[in-house]
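S.K.: Okay, predicted coordinates and the sequence, questions at the end:
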Amino acid sequence: MRYVLCALLAAGCGMDRDIESKITIDQGVYGLLVHGCNSAGCQDQVDRGEHVVVYAPGQSGAYAQTTSDGDGIFQINLPTGDYTLCTSSCTPIAITGHATVRYDWTSGPGGGQWQRL
């Protein structure tokens with residue numbers, strides 16, 4: 001519920017979560033990395049300079065990687081296929097057709113979580 005409210009009230013959460021106009025890839029994965037907090041008076045902030053890695057099945061090592069920009073945005077060109085997207089934890093993703101998918105990461109208690117938007 002907290003994440004839905006923050007998305008609806010971006011100014012109240014201290015950041016702009018509308019990042020689609022900044023995305024330059026035509027196919028792959030992109031998202032916003034957020035340093036979350038739960039204490040009174042604390043506001044979530046973008047997570048700049050965070051390393052993001054994509055792994056492909058059957059390959060050793062990273063398939064692709066990037067670092068979030070000054071706005072906390074990451075984007076990685078990927079061909080159609082199944083992958084694992086990682087920062088502090090990992091989540092499976094699928095790229096189908098010539099599409100982009102958005103996965104946002106919010107750090108916090110228990111390590112944080114990925115959310116597909």
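M.R.: Yes, it's here. Residues are numbered from 1 along each chain as shown.

S.K.: C-alpha only now, for contacts and for neighbours.
M.R.: Fine.

S.K.: Apart from its chain neighbours, what residue comes closest to Leu117?
M.R.: Sequence neighbours aside, Arg102 is the residue nearest to Leu117 in space, at 5.6 Å (criterion: Cα to Cα, 6 or more residues apart in numbering).

S.K.: Quick one, grab the pLDDT at the residue of the chain most remote from its centre.
M.R.: No residue in the chain has its C-alpha farther from the mean C-alpha position than Ala40, which lies at 24.7 Å (Cα atoms, centre = their mean). Ala40 carries a pLDDT value of 74.

S.K.: That one and Arg48, how far apart?
M.R.: 23 Å (Cα to Cα, to the nearest Å).

S.K.: how about the helices in this structure?
M.R.: Under the criterion DSSP state H, the chain carries helices at the ranges 2-8.

S.K.: I'd say Ser68 and Arg48 touch.
M.R.: Yes: because the distance of 5.5 Å satisfies Cα atoms under 8 Å, Ser68 is recorded as touching Arg48.

S.K.: Need the overlap of contacts for these two.
M.R.: Contact with both Ser68 and Arg48 is made by residues Leu33, according to Cα atoms under 8 Å, 6 or more residues apart in numbering.
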